[in-house]
Structure formats: structure tokens, C-alpha cells
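A.B. asks: quick one, structure for this:
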Amino acid sequence: MAARLNRHHSEDIRRKIQASVIVDRLQKHVKGELELSATQIQAANSLLDRSVPKLQLIQHIGDEDGPIRLEATVRFVGTP
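C.D. replies: Numbering: from 1, shown residues only. Purely as a prediction, here's the structure:
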């Protein structure tokens, strides 16, 4: 078997797939299709915090008559 060209890339893909599985399970729980305990929900949120960046702040700044300036701050939580 050939060696992987970019090992970091495959780890990123694996992490994204795992995050999507967690999100899918949480969505099913919200829809009532899957029962999760409070501990499972808390663990899922903790894992998502480590793998998916959070949008921390969005602020709309500007004159009432002038153009609006948008500032967004993104904070990456728990990224290696």
C-alpha cells in the first residue's frame, strides 16, 4: 500500500467525520428519534467544542445613514 501523502489531512478528515456523526446524533435526539442521557449530551458537546470552532462575536457597527461595517471574531477552542 502506498504511503499517505499528507497524514495531517487524513486526521482532519477523520475529525470532521466524527463531528458530523455527533451532530447527527444530537439532531436525532432533538427530533425525538433517539434518546440520549444527559451525560451523553454533555460528552457530545465537549467533543464538539474540541473539534468545531465556535463563532464568538458578531458585531454590527455603522451609522444609521451610512454603510454598515461587519466585524466577526472567531475563537478556536481546543484545537491542537
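
A.B. asks: what are the bridge partners for Lys54, then?
C.D. replies: Partner residues in beta bridges with Lys54, using DSSP bridges, are Arg75.

A.B. asks: that one reaches Arg75, doesn't it?
C.D. replies: Yes: using C-beta atoms under 8 Å, Lys54 and Arg75 qualify as a contacting pair, with a distance of 6.3 Å. From N, CA and C alone the C-beta is placed, and that goes for glycine too.

A.B. asks: for the chain, which segments count as helices?
C.D. replies: In the chain, the helices defined using DSSP state H lie at 7-31, 38-51.

A.B. asks: which helices and strands does the shortest one pack with?
C.D. replies: Using 3 or more C-beta pairs under 8 Å, 6 or more residues apart in numbering; DSSP states H and E as the contact criterion, the neighbours of helix 38-51 among helices and strands are helix 7-31.

A.B. asks: and the helix it packs on, what's buried?
C.D. replies: For helix 7-31, burial by neighbour count (16 or more other C-beta atoms under 10 Å) applies to Arg15, Ala19, Ile22, Arg25, Leu26, His29.
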